[in-house]
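J.: A predicted structure for the sequence below; I have some questions about it.
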Amino acid sequence: MSQPDTIDAVQEMLARQGYVCGRALATVVFLSLRLGRPLFLEGEAGVGKTEVAKAIAASLGRRLIRLQCYEGLDASSAVYEWNFPAQMIAIRSAEAQGNADKDVLTRELFGPDFLIERPLLQAMRPDENGAPVLLIDELDRTDEPFEAFLLEALSDFQVTIPEIGTIKAPEPPIVILTSNRTREVHDALKRRCLYHWVDYPTFDREIEILHARAPEAAETLSREIVAFVQRLRTEDLFKKPGVAETIDWAKCLLALDVIDLSPEVISDTLGAILKYQDDIQKLQGSEAKRLLDEAKATLDPA
């Protein structure tokens with residue numbers, strides 16, 4: 001599929017993949033695609049940052065390559081590794097056959113046959129369907145040295161393997177970086193990107209999202225679910241539920257054939273929306289009923 005030529009077309013494109021977004025996010029996605037600039041999405045966990053990349057890849061028919069960041073991730077792990085077990089077998093085989101020419105063997109051992117490509121190198125390779133979507137997920141989990149390496153890699157869209165040389169992307173990948181803001185990402189990297197803060201959705205937007213992702217949920221139940229989750233986000237919690245938790249909870253309630261919310265149902269299914277025991281304990285007893293009553297009070301007659 002060709003890239004969308006208007007902001008409205010971006011919204012329609014993402015909506016076909018079940019991703020409902022506002023005009024501000026659609027605008028920055030449109031500009032990222034049109035200008036070939038990396039897109040940096042920041043926000044709380046579970047608000048749909050990763051899903052943007054998945055929806056874009058599915059919409060454009062591109063390959064999605066995901067680099068999941070973690071503490072201690074270094075450049076070599078993100079770009080390539082050598083298949084050491086296979087190299088050892090090749091060495092022993094060559095020695096057993098008596099043709100262990102050192103120079104020839106070295107060229108073979110550090111050639112394409114023994115190269116394990118990691119996400120950044122994969123994203124530099126040509127693809128018949130067009131440049132892939134490179135998702136660099138949860139960048140804030142890494143450290144500053146990796147950020148510095150990434151800054152260089154994304155500036156020229158090339159990586160260097162000492163034993164092989166420099167590999168440059170024939171067509172720059174569509175790059176999307178996400179951060180949960182557990183720490184600040186360096187300004188130098190942000191300046192290379194278009195930036196957007198993905199916030200919790202409004203009530204109406206979250207209803208749209210729930211209709212797209214859990215269409216079998218009745219309107220009354222959907223409104224109660226969203227109203228309760230939105231009310232829950234105003235509480236002092238260690239981890240507030242994101243949109244992903246709203247969708248998961250709705251699917252859990254549907255699996256239990258729940259017609260409308262009750263304090264008992266909420267207490268039984270809190271593990272779908274809250275992931276920390278301290279948060280769950282805060283909703284025990286009469287708290288669940290209080291929040292549910294307050295949430296229902298905000299609803300207009302459907």
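T.: Cool, got the structure. In this text, all values refer to a predicted model and were calculated from it rather than measured experimentally.

J.: For the stretch 51-200 of the chain, which segments are assigned as helices?
T.: 75-79, 84-97, 102-109, 119-124, 144-156, 187-191 (DSSP state H, counting those that start in this stretch).

J.: what packs against the first one?
T.: For helix 75-79, the helices and strands in contact under the criterion 3 or more CB pairs under 8 Å, 6 or more residues apart in numbering; DSSP states H and E are helix 119-124, helix 144-156. C-beta coordinates here come from the backbone N, C-alpha and C atoms, glycine included.

J.: how about a cut-off of 10 Å?
T.: Applying 3 or more CB pairs under 10 Å, 6 or more residues apart in numbering; DSSP states H and E, we find helix 75-79 packed against strand 64-68, helix 119-124, helix 144-156, strand 158-161.

J.: Now do the buried residues in it.
T.: Applying a neighbour-count criterion of 16 or more other CB atoms under 10 Å, the buried positions in helix 75-79 are Ala75, Ala78, Val79.

J.: JSON lines please, covering those residues and showing pLDDT and distance to Ala214.
T.: Below are the buried residues of helix 75-79 laid out as JSON lines (pLDDT from 0 to 100; distance: CB to CB, whole Å):
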{"residue": "Ala75", "pLDDT": "85", "distance to Ala214": "41"}
{"residue": "Ala78", "pLDDT": "93", "distance to Ala214": "35"}
{"residue": "Val79", "pLDDT": "91", "distance to Ala214": "39"}
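
J.: Excluding sequence neighbours, find me the nearest residue to Arg181.
T.: Closest residue to Arg181 apart from its sequence neighbours, by CB to CB, 6 or more residues apart in numbering: Glu42 at 5.5 Å.

J.: Next: Val229.
T.: Nearest residue to Val229 in three dimensions, chain neighbours excluded: Thr246, at 4.9 Å (CB to CB, 6+ apart).

J.: Pull out the buried residues from the one helix or strand the one you found maps to.
T.: Following DSSP states H and E, one finds Thr246 within helix 243-255. With burial defined by 16+ other CB under 10 Å, the residues of helix 243-255 counted as buried are Val243, Ala244, Glu245, Thr246, Ile247, Asp248, Trp249, Ala250, Cys252, Leu253.

J.: Could I get the buried residue list for the next helix or strand after that helix?
T.: Once the chain leaves helix 243-255, the next helix or strand it forms, by DSSP H and E, is helix 263-268. For helix 263-268, the neighbour count (16+ other CB under 10 Å) marks Pro263, Val265, Ile266 as buried.

J.: show me the contacts for the closest residue to the second one other than its chain neighbours.
T.: For Val265, ignoring the flanking residues on the chain, the nearest one in space by CB to CB, 6+ apart is Val258 at 5.5 Å. Counting by CB atoms under 10 Å, 6 or more residues apart in numbering, Val258 makes contact with Ala217, Ala218, Leu221, Glu224, Ile225, Ala250, Cys252, Val265, Ile266, Asp268, Thr269.

J.: hmm, which two among these are most spread apart?
T.: Distance extremes for the contacts of Val258: the farthest pair is Ala218 and Asp268 at 19.2 Å, using CB to CB.

J.: follow-up on the earlier one: looking at the buried residues of helix 75-79, which is nearest Glu294?
T.: Closest approach between these and Glu294, by CB to CB: Ala78, at 46.4 Å.

J.: Mind jotting down where the strands sit in the stretch 151-300 of the chain?
T.: Along the stretch 151-300 of the chain, counting by DSSP state E, counting those that start in this stretch, strands occupy 158-161, 165-168, 174-179, 194-197.

J.: Mean neighbour count, the ones you listed: which tops it?
T.: Burial of those is given as mean neighbour count (mean count of other CB atoms under 10 Å); strand 174-179 ranks first at a mean of 25.

J.: Now it: average pLDDT?
T.: For strand 174-179, mean pLDDT is 96.

J.: Just the CA coordinates for it, please, in CSV.
T.: Provided in CSV are the C-alpha atoms of strand 174-179 (Å, rounded to 0.1, in the frame of the first residue of the first chain):
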residue,chain,number,x,y,z
ILE,A,174,10.4,3.9,9.1
VAL,A,175,11.7,4.4,12.6
ILE,A,176,9.5,4.6,15.7
LEU,A,177,11.0,5.0,19.2
THR,A,178,9.0,4.7,22.4
SER,A,179,9.7,5.7,26.0
